[in-house]
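S.K.: Build me a model from this:
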Amino acid sequence: MTNDNQQGFQYNASNNSAPSLSMHRQSSPLPSIETSKTPPGTRTSSVINLSMSGDQLLNHSHLKPGNKAALLSYTQTINMYRENAKKTNSPDIQCDFAIFMVEAAKPIQEDDPTRVEYLAEAEKLLKQLAARGHAESQYYLGNLYASGVLSKKGKNEFDKAFPLFVQATKHHHADAAYRAAKCYEDGLGCRKDYSKAVQFYKKAATLNHPGAMYRLGVADVNGELGLSKNPRDGVKWLKRSAEASTGEYPHALHELAILHERGIQNVVFVDLAYAVSLYVQAAELGYAPSAFRLGECYEYGKLECTPDPAMSIHFYTIAAQQGHREACFALTAWYLVGSPQVLPQSDQDAYLWARRAAEKELPKAEYAVGYFTEVGIGIQKNPTEAMEWYKKAAQHGDKRAIQRLQGKPAERKSEKKGAQDDCTIM
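M.R.: All right, here's what the predicted structure looks like:
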């Protein structure tokens with residue numbers, strides 16, 4: 001959570017989805033193996049006896065449960081948590097319990113009364129805490145409304161979420177300020193107001209929110225949100241965002257890399273090696289566009305990178321695992337031809353990656369799947385299904401698919417061309 005003393009629960013939220021909860025436990029530090037200076041007879045010397053053997057230290061026989069020992073049921077656990085939360089006056093603990101109830105409700109089917117009860121209890125408690133000015137409760141409740149979790153029809157309730165984001169912002173909640181800014185920018189739960197959006201982005205930026213600093217940077221560089229173009233200030237915001245980048249907000253690293261590829265006169269100089277290093281940083285945070293760019297660089301020798309099949313496949317895989325459709329199709333090309341001592345040739349894997357890209361409506365992948373299915377590459381021949389894929393590709397503008405539907409034979413070519421050329425399939 002945002003508050004320092006709420007380290008037991010953490011959650012992340014995208015603009016239109018409720019945050020997911022994760023629980024982190026810190027492992028207990030190992031006792032020091034230095035000779036204890038504590039006088040004999042004290043607790044420390046009785047607990048840690050360095051003369052004990054390893055078997056003795058690992059003997060947990062004294063911890064064996066009794067005959068009637070049993071794990072508590074899930075319902076009993078919730079009831080105990082509820083009673084303990086009620087006994088405390090800590091809003092942080094009560095907020096944690098409300099979040100726990102929401103997470104407990106998520107796996108339950110929507111028409112199950114238990115789910116409705118859990119969500120209703122969580123909403124009631126969060127409303128009470130929000131009314132008392134608890135910023136994390138205001139923000140989390142706003143996210144629940146924005147995502148539609150608390151709506152019976154699953155409708156996004158930005159009209160309820162927006163004022164909660166604004167309230168939490170008054171308590172210096174960085175994520176809430178960022179969400180309020182997004183609402184003003186997109187007109188979600190309020191009228192569009194770019195000046196207000198900039199105001200709230202700047203509020204979040206002063207609280208070191210990387211997403212807000214990135215948005216201000218792009219706005220300054222491109223002259224968006226009613227701002228005049230100011231590349232110098234924009235780059236400053238982007239650099240600050242890059243320094244604070246996280247897995248959720250790696251975008252500034254990618255944007256700075258693009259700027260160092262192209263340069264901005266008197267502001268950003270061209271530095272291809274630095275651009276590559278920025279792409280690597282973003283890719284290590286799991287940012288698919290950066291990973292895909294690196295895959296291209298190491299495949300074709302772009303940005304002065306030495307062609308390296310292993311590195312290319314590595315970065316394409318990072319992007320593909322995030323659902324990047326171009327990266328999925330790039331792996332199709334690699335699997336079709338293989339790479340000695342790096343990647344074995346596999347028609348089956350080539351088809352699977354092409355299928356994944358085609359399901360994301362990449363026209364050339366749809367055509368490729370049609371061809372694979374027609375000819376029988378990595379899958380059994382099925383002319384009827386192949387024509388369906390050709391139709392999808394044609395609807396998305398693929399010229400080869402259009403020609404195939406007109407009766408012209410498919411080009412039988414499957415090879416990897418030289419640098420700067422796309423991998424041509426069929």
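
S.K.: List the residue ranges of the stretch 101-250 of the chain that fall below the pLDDT cut-off.
M.R.: Counting by pLDDT under 70, not a single residue of the stretch 101-250 of the chain qualifies.

S.K.: show me where it has helices.
M.R.: 113-131, 135-147, 158-169, 174-186, 194-206, 210-222, 231-243 (DSSP state H, counting those that start in this stretch).

S.K.: Show me what the fifth one is packed up against.
M.R.: In terms of contact count using 3 or more Cβ pairs under 8 Å, 6 or more residues apart in numbering; DSSP states H and E, helix 194-206 is assigned the packing partners helix 158-169, helix 174-186, helix 210-222. To be clear about C-beta, it is placed using only N, CA and C from the backbone, and glycine gets the same treatment.

S.K.: Most tightly packed of those?
M.R.: Most buried of these, by mean neighbour count (mean count of other Cβ atoms under 10 Å): helix 174-186, with a mean of 25.

S.K.: who does it touch, helix- and strand-wise?
M.R.: Helix 174-186 packs on helix 135-147, helix 158-169, helix 194-206, helix 210-222, going by 3+ Cβ pairs under 8 Å, 6+ apart.

S.K.: hang on, the earlier thing: could you dump the helices and strands packed on helix 194-206 into a markdown table and include distance to Tyr139?
M.R.: Shown next, in a markdown table, are the helices and strands packed on helix 194-206 (distance: least, Cβ to Cβ, whole Å):
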| stretch | distance to Tyr139 |
| --- | --- |
| helix 158-169 | 4 |
| helix 174-186 | 4 |
| helix 210-222 | 14 |
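
S.K.: wait, which of those is closest to Pro250?
M.R.: Shortest distance between Pro250 and those, using Cβ to Cβ, is found for helix 210-222: 8.4 Å.

S.K.: Which of the helices of the stretch 101-250 of the chain sits closest to His324?
M.R.: Nearest to His324 among the helices of the stretch 101-250 of the chain is helix 210-222 (19.6 Å), distances taken as Cβ to Cβ.

S.K.: What ranges does the chain have for its strands?
M.R.: 9-12, 20-23, 414-415, 424-425 (DSSP state E).

S.K.: avg pLDDT for the second one?
M.R.: Just to be clear, that refers to strand 20-23. Averaging pLDDT along strand 20-23 gives 36.

S.K.: And the helices in the stretch 251-400 of the chain?
M.R.: Listed in chain order, the helices of the stretch 251-400 of the chain (DSSP H, counting those that start in this stretch) span 251-262, 272-284, 288-300, 309-321, 325-337, 347-359, 363-375, 383-395, 399-405.

S.K.: Check the ones you listed for me and report the most buried one.
M.R.: Mean neighbour count (mean count of other Cβ under 10 Å) peaks for helix 363-375 among the helices of the stretch 251-400 of the chain, with a mean of 25.

S.K.: Remind me what it packs against, helices and strands.
M.R.: On a contact count with 3+ Cβ pairs under 8 Å, 6+ apart, helix 363-375 meets helix 325-337, helix 347-359, helix 383-395, helix 399-405, strand 424-425.

S.K.: export those to CSV and tack on distance to Arg232 and mean pLDDT?
M.R.: CSV is the format used below for these (distance: least, Cβ to Cβ, whole Å; pLDDT from 0 to 100):
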stretch, distance to Arg232, mean pLDDT
helix 325-337, 33, 97
helix 347-359, 40, 97
helix 383-395, 45, 96
helix 399-405, 44, 93
strand 424-425, 43, 56
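
S.K.: Nearest to Val198 among the ones you listed would be which one?
M.R.: Taking Cβ to Cβ, helix 325-337 is the member of the helices and strands packed on helix 363-375 nearest to Val198, at 33.2 Å.

S.K.: How about residues contacting that closest one?
M.R.: 288, 291-292, 295-296, 299, 309, 312-313, 316-320, 343, 345-347, 349-351, 353-354, 356-357, 360-362, 364-365, 368, 414-416, 423, 425 (Cβ atoms under 8 Å, 6 or more residues apart in numbering).

S.K.: on that earlier part again, mind giving me CSV with the helices of the stretch 251-400 of the chain and columns for distance to Lys236?
M.R.: As requested, the helices of the stretch 251-400 of the chain are exported to CSV (distance: least, Cβ to Cβ, whole Å):
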stretch, distance to Lys236
helix 251-262, 11
helix 272-284, 16
helix 288-300, 21
helix 309-321, 29
helix 325-337, 31
helix 347-359, 38
helix 363-375, 40
helix 383-395, 45
helix 399-405, 45
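
S.K.: Need the nearest residue in space to Val198, chain neighbours excluded.
M.R.: Excluding the flanking residues, the one nearest Val198 by Cβ to Cβ, 6 or more residues apart in numbering is Leu225, at 5.4 Å.

S.K.: Burial check on that neighbour, number of neighbours?
M.R.: By the measure other Cβ atoms under 10 Å, the count of residues near Leu225 is 18.

S.K.: Does Glu374 touch Pro383 like I think?
M.R.: Yes: under the criterion of Cβ atoms under 8 Å, Glu374 makes contact with Pro383 at 5.8 Å.

S.K.: Fine by me, we can end here.
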